[in-house]
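[1] One predicted model, sequence on top.
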Amino acid sequence: MMPSTHDWINNPLGVVEGMFAASQNNPNSGWEAKAVEFFKDHLKEKDAHTWVPSLNDVPLHYLKPNSLVKFRCLIQDMFDPEFYMGVYEAVDPSTKAKVLRCGKYKDVTECGVDFDSRNTVTAERQTFYCVPIPGENPWVKESYAGSSQARVVPSTSYAPTRQKRSYEEDDDMDDMDTQMQREPHTGPQSPTEQHGNGDCKRRETEAPSSQTAPASHLDLNFPLPGEKGPSCLVKVYEDWDGFKLNDTLEVFGILSVSPALSALADKKDASSSLLDPTECMETAEEQRVHSPPASLVPRLHVLYAKPLPHNNPLLPSATLEDNSAFLSSTLSEMASVRAELLTFLTPILLGDALAAEYLILHLISNVYSRRDVLPLGKFTLNLSGCPTVASYTERFYQIIQQLVPSSYYLGMSLQNMNQMRFVPKKDYSANRLVSGALQLARNTSLFLDETQLEQGQLDTAGVRNVTALGNLITWQKVDYDFNYHQMEFPCNINVLIASEGRSLLPSDCQIHLQSQITPPHMEEYLSSIHVHPQASQLNKFRMYLSVARLLNYSISDEVTKSVEDDFVDMRKDDPQSISAEDLHRMLVVARLLSLSLGQTSLSRDSWLRAKHIELLRRSRMEQHTCVNGNEP
Amino acid sequence: MSSPTSTPGGRKRGRNTNPSTPSSEGPTSPPSQRRRGQDSSTGDLMPMPTSPATDMLSPAAPQDNSLLSSPRPSVLPNEVDMSSPLMYGTPSSRVEGTPRSGVRGTPARQRPDLGSVRKAPQVDLQSDADGAVTSESNTGQRLVIWGTDVNVGTCKEKFQRFLQRFIDLTSTEDENAGLDLNEPLYMQKLEEISVVGDPVLNVNCLHVQSFDAELYRQLICYPQEVIPTFDMAVNELFFERFPDSILEFQIQVRPYNALKTRNMRNLNPEDIDQLITISGMVIRTSQLIPEMQEAFFQCQVCAFSTRVEVDRGRIAEPSVCRNCNTTHSLAIVHNRSVFSDKQMVKIQESPEDMPAGQTPHTTIVYAHNDLVDKVQPGDRINITGKISLHRDLNSSSNVPAGVYRAVPMRANPRQSNVKSVYKTHIDAIHFHKTDEKRLHGLDEDAEQKLFTEDRVQTLKELAAKPDVYERLSSALAPSIYEHEDIKKGILLQLFGGARKDFSQTGRGNFRADVNILLCGDPGTSKSQLLQYVYNLVPRGQYTSGKGSSAVGLTAYVMRDPETRQLVLQTGALVLSDNGICCIDEFDKMSDSTRSVLHEVMEQQTLSIAKAGIICQLNARTSVLAAANPIESQWNPKKTTIENIQLPHTLLSRFDLIFLMLDPQDEAYDRRLAHHLVSLYYQSEEQIEEEFLDMAVLRDYIAYARTYINPRLSEEASQALIEAYVDMRKIGSGRGMVSAYPRQLESLIRLAEAHAKVRFSEKVETIDVEEAKRLHREALKQSATDPRTGFVDISILTTGMSATARKRKEEVAQALKKLIQAKGKTPAMKYQQLLEDLRGQSENAITKELFDEALRALADEDYLTVTGKTVRLLA
């Protein structure tokens, strides 16, 4: 098995071309579908996908050009579809005969193309600009990297030590190398294979230097500041209408880093005098964005793209329905894991068990459906009463970070609110969507630290940012700014607001922390709770949270009836006590509570329990209101 | 063959794997090798069988796969090809400036919009051109343009027949205003050209289609060949008719409205080189680019000059002077070369055309000659043009006017791997701004959504159902429970009344849009309803009164960062022209912002006088507003005005004011609970179903708004009059007025909207009944005097109920009496006076009431209040 594996991973184009050649005598062979099928089948084999090296954890210069690689990413932008030569005719350098070549999954043609040949077939493909999943936590990255079985060696004869040499030097050497290699081998009409390889070698060595070079005047457009990793131009050949912006995918495709792709940028300065100034000005920015150097932004020609329902490496990749054994074993354990998690979280929340319970509910919440404009299942939690000493919120966030696959900490300082870009904006001169902090993958935990808020004035941008946050929380959507109009993109982000008093942002549920710790001891206590649980325990929690989110849920007619009765009774006693909105919230709490216990349908007990904790929470809020007096 | 989609198989690029013709034919010689003046064989013209169907076998069809924008070898050398569309034109005229008339005298202007290769050959054919063409078409010898099934003679004849005979009785385009509909339309246009002298003939492709489907198909499929043929035809015809007219250059035909109107997203390789019309929004325009059409070379040695045409952005520089045989002696002389204007326009898909969750696509359009600077960023346009493909040769193919040394494309055999990606652009032939008229009047085109026959049928079936009104209203925001009357009101708002124009009687436009205000307790899903409406309508805006300033709502002037010019940026109200503007937290709006709404909500215009820009913009928008009561909870003991603290001047501009209150009754609670619970576990299919409903609803509304324009029937007018009189009567018995003319107007609008819901062209009594009912419901909720329980419209119109006013007067009189009873005390303590009055009166006197009474007396100049003392005057 391994040898064949190597073939399709190391030289997928060989497989494709083989199929293309075989199809030539048979016009209706549907080789394209077969080729895709071939890779899909191979990837389905047990563990096969772990043999494929991943762009996420292997540096680009270690990857072999034109080999099969995978990439875990988020679709950040969608470029215009492009037409390319699907089939073209070229002169074979050895036989001098014209042969048909397949242009699919390639960026560049081989030499001697007959551009006027009537056998040329123009085909269409779509380009997505993909970035690594924003806010992906280190444990996820490590876990994925750890499970990879790809044997990545620096692809050619270059020893890794050579990377350290300055690349200009290398550059020259390489040129000579490749020249010399080429000359005796093929004569003047060198086949592209060789040429391409030679150039790729050069790229390889160039890559680290440009990657380490700070601010290489190319903004990779990551949604969150301080993100690292390669971004990638993903070329999709089929069903591109099925992809949406901000989808998370695992893409299997052929890596293309041909330097010809970025030649333009290099050439630009030299030739600009020749180009019409207006034309050049128009496109310079756009070109930089749309054809960045391949060493920085490699191209990936997709053979198979798998949408990721979750990004938890600990979960089996198959969907839960298909994996009943796993599902039943986890379900039975869920209640006990929940108890464990509760004991783990309670000290972190200053000994407040109720808040810890709500935090669990929040962590497994998920927008599972939308009814016209109403997102269902969202559960934005506002933890008020957070101590402002000893960077409590940061520590708290670090715990969250350990538990969820992706998260982002946003300190709501005046500076951040006024200066950060939250909402993605279309930049028409570069023709791309400039990302913003709210362009997040689904189920990302967004931690808003309102304790950072200080007195001062929000400027226009700040007001817009606060509005965007408000919209995000209330409607789970972000209105992207397209300058002439706005476009609404639905999202699914778990927002957790830590604040001192009640948050200025709306929230589905507010709970005031009841600290069991007296203020003088706070500092001491906080420094002691910096717990590092065992990895196995953490993994249990991580799995638990992801599974609970993926479960299906239903309400039986019987329970529906009793819920209705309850509601009517409560209203009878005191109409003011419960409104439709409260019922909404209680239904969400009941749902999350059931799921957190591994129950996929609402039971009477869970409903009563949901009612109970809601009551506790509300009474606490009233108390708090009385104490403060100035709360609305 | 009748439809453009069933073009011969050979045109289906990307699928053709079977080139059936031998490649030994003359035409296969690549066009790039062809030079002007080089002799070419007669093989360029393929005698074809008359039936176009056999075109499948045409050797030329696969030629379209070629990579260059238009290397059709149909650029034919003149001697042979008498029927070539390129034959008209007199090159010499370019040099001479004297205007002449007649086909031969008028210079042909190049048409870069049809592709750069397609230049009129610079050969003088005047002597025999006309004769040759006619004789050829008569001999019946069927020649077609290489690569197509177009026979120039037939095509020309057909088009001339079309011009001479086409009559459009149903023309509604305002371009045709003033023309006699019973006369051939295009002949009148030609006449116009002869008078005005603007040599551009816009031809509606739909007209061509209805006249001759085959001609239309050819036009769509082979625009590059057919349009010059049309040009030729129209010029012959024109100069025959108006031999004495003097035109700047020969008439150019600009077809528009190709039926293949496409969404940018649907463009695919099969559309290349075809005539398409797509809609989009201009996002960027470049500066003017002078594009060289013809280079002028002069020999440095002997001063011999020669002209070289630009071929696909390149100029083949002659290396040897033909006169003195010196090599490399020719130098370009720029100011004697010929340039044409070109502009790059970038368009983006209109937001309405886009599937959810995707980003808009963009396309590059090149505008040529007089189309340059016709559009500005932000314009919504329909472009008719030809989509072309060019290979992205690391942008060298983009070089517009630089001189490239004479390098044939494949001169360098070692030119190795190149990018296999093409770039596409559209050469614009015709621009049509869809929003051009939005500032002036109602634009039908923008509203016009194309409905398929099936869709119209479904909609009509739905309209025929007796309970269509209930059905639609329940399909509106299904996640919001009950509030049926409110939903019905909003439904009527979505349809809107019929537009009427009274400008001749001095009244101006009559507002057709229904404005609705929702007020009520917080958390009664008002915002949700607003969000729903905003998502439902194509041109909706959603703002919050809290955040928006007057500027954000109306318009503001800012300096464009690029051009440094002052530009007017429109706000939510103007943007939602012909749509709905949803304003949440209406009560939180600042007074200055609110005052802007006065004009918008009745006159439906917006006047701006800022930074030297004074203008009036249309804002024919329906306002759907939501307001919270001032005391967080609705106080049933107070009137609407008191609860939401909005000026009554503004309130009276709302047709319907609804209260969204918690009903607090058991059966309601139970239904509500059931509704909510089911919301939380509904299956996917049910949700799917609903989405379908939303799409149907959207189409239904769009259809009704576009096509249905009901008029009042006699009975309906009577019913309206009665209803109004009744309304006035109710109040008059108690000295109150319960209706004003504004209410009558509201009733009319609502009745019209209800007729639209039924797809009825006539407003009938049932419409009036429903309008009355709804109006009454809304009044009952909002204009009930909490003190008496009667409906009192004056609460809304004057901000105070008649009883309250009466009471105020009574208190004022009582106070006056009290003061008079006190005798001659010029100054009194405020507090003392209040207590005295309280002691005297049997009714409870609040401080407010007392203040009001004092104010009333102060108005009478009876007393004056300074601080805590009350002084008598006089």
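    In hand now; what should we look at? This is a predicted model, so every value here is computed, not measured.
[2] residues near residue B:629, how many?
    Look at residue B:629: counted by other Cβ atoms under 10 Å in any protein chain shown, it has 21 neighbours. Quick note: C-beta positions are derived from backbone N, CA and C, even for glycine.
[3] Look at the residue nearest to it when sequence neighbours are not counted and report its pLDDT.
    Counting by Cβ to Cβ, 6 or more residues apart in numbering or on different chains, the nearest residue to residue B:629 once its immediate chain neighbours are dropped is residue B:643, at 4.4 Å. Residue B:643 carries a pLDDT score of 72 in this model.
[4] for the most centrally placed residue in chain A, phi and psi?
    Taking Cα atoms, centre = their mean, the centroid of chain A lies closest to residue A:133, which sits 2.3 Å from it. With angles defined as degrees, to the nearest 10, residue A:133 sits at phi -60, psi 120.
[5] do you know how far it is from residue A:512?
    From residue A:133 across to residue A:512, the span is 33 Å (Cβ to Cβ, to the nearest Å).
[6] show me what contacts the residue nearest to the centre of chain A?
    Residues counted as contacts of residue A:133 (Cβ atoms under 8 Å, 6 or more residues apart in numbering or on different chains) are A:72-74, A:248, A:311, A:406, A:441.
[7] Return the subset of those residues lying in strands.
    Among the contacts of residue A:133, the residues falling in strands (DSSP state E) are A:72-74, A:248.
[8] pLDDT weak spots in the stretch 501-632 of chain A?
    Along the stretch 501-632 of chain A, segments meeting pLDDT under 70 span A:529-532, A:575-577, A:624-632.
[9] Around chain B, pick out the residues from it.
    A:553-555, A:560, A:563-564, A:567-568, A:571-572, A:575, A:579-581, A:583-584, A:587-588, A:591, A:632 (Cβ under 8 Å from any Cβ of the partner chain).
[10] Can you turn the buried part of these into a ChimeraX selection?
    A single ChimeraX command selects the buried members of those (16 or more other Cβ atoms under 10 Å in any protein chain shown):
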select /A:553,555,560,563,564,567,568,571,579,580,583,584,587,588,591
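[11] Quick one: residues contacting the residue of the stretch 151-300 of chain A found nearest chain B.
    Using Cβ to the nearest Cβ, the closest approach of the stretch 151-300 of chain A to chain B is made by residue A:244 at 3.3 Å. By Cβ under 8 Å, 6+ apart, residue A:244 lies in contact with A:75, B:356-358.
[12] did I read that right, it in a helix?
    No. Counting by DSSP: H, G, I helix; E, B strand; the rest coil, residue A:244 is located in no helix; its state is coil.
[13] Would you mind measuring from it to residue A:442?
    Going from residue A:244 to residue A:442 by Cβ to Cβ gives 11 Å.
[14] coming back round to it: filter the residues of the stretch 501-632 of chain A next to chain B down to just the ones in helices.
    Per DSSP state H, helices hold the following members of those: A:560, A:563-564, A:567-568, A:571-572, A:580-581, A:583-584, A:587-588, A:591.
[15] For those, work out which two are farthest apart.
    Pairwise distances across those peak at 24.9 Å for A:572 and A:591 (criterion: Cβ to Cβ).
[16] ok, and what's touching stretch B:470-478?
    A:371-373, B:462, B:465, B:484, B:487-488, B:490-491, B:528-529, B:532-533, B:536, B:690, B:693-694, B:696-697, B:700, B:757.
[17] That one: which residues count as buried?
    Using 16+ other Cβ under 10 Å as the test for burial, stretch B:470-478 gives B:471-473, B:475-478.
[18] Can you pull up the residues of the stretch 301-450 of chain A that come close to chain B?
    Proximity of the stretch 301-450 of chain A to chain B, by Cβ under 8 Å from any Cβ, involves residues A:369-374, A:376, A:426, A:428-429, A:431, A:433.
[19] Can you add neighbour count and pLDDT and give those back as TSV?
    What follows is these, written out as TSV (neighbours: other Cβ atoms under 10 Å in any protein chain shown; pLDDT from 0 to 100):
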residue	neighbour count	pLDDT
A:369	16	80
A:370	18	79
A:371	19	74
A:372	21	70
A:373	24	74
A:374	20	80
A:376	21	85
A:426	22	87
A:428	18	81
A:429	16	79
A:431	22	83
A:433	24	88
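[20] Go through stretch A:410-421 and flag the buried ones.
    Buried residues in stretch A:410-421, defined by neighbour count with 16+ other Cβ under 10 Å: A:410-414, A:416-418, A:420-421.
[21] nope, stretch A:605-619 is what I was after
    Buried residues in stretch A:605-619 (16+ other Cβ under 10 Å): A:606-607, A:609-611, A:613-614, A:617.
[22] got the contact list for it?
    Contacts to stretch A:605-619, defined as Cβ under 8 Å, 6+ apart, come from residues A:354, A:357-358, A:509, A:511, A:559, A:562-563, A:566, A:582, A:585-586, A:589-590, A:593-594, A:597, A:599.
[23] before we move on, back to that, tell me which of the residues of the stretch 301-450 of chain A next to chain B fall in strands.
    Per DSSP E, these map to strands at A:369-371, A:374, A:376, A:426, A:433.
[24] still on that earlier bit, could you list which of the buried residues of stretch A:410-421 belong to helices?
    Among the buried residues of stretch A:410-421, the members found in helices (DSSP H) are A:414, A:416-418.
[25] Just name the closest of those residues to chain B, please.
    The closest of those, once distances to chain B are taken by Cβ to the nearest Cβ, is residue A:417, at 14.5 Å.
[26] Counting neighbours, what do you get for residue B:530?
    26.
[27] which SSE is the spatially closest residue to residue B:840 that is not a sequence neighbour in?
    Closest residue to residue B:840 apart from its sequence neighbours, by Cβ to Cβ, 6+ apart: residue B:818 at 6.1 Å. Element membership for residue B:818 (DSSP states H and E) is helix B:802-821.
[28] What segments of the stretch 251-400 of chain A are strands?
    With strands called from DSSP state E, counting those that start in this stretch, the stretch 251-400 of chain A shows them at A:299-307, A:369-371, A:374-376, A:381-384.
[29] Same list, those strands, but as JSON lines with distance to residue A:621 please.
    Shown next, in JSON lines, are the strands of the stretch 251-400 of chain A (distance: least, Cβ to Cβ, whole Å):
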{"stretch": "strand A:299-307", "distance to residue A:621": "40"}
{"stretch": "strand A:369-371", "distance to residue A:621": "28"}
{"stretch": "strand A:374-376", "distance to residue A:621": "24"}
{"stretch": "strand A:381-384", "distance to residue A:621": "9"}
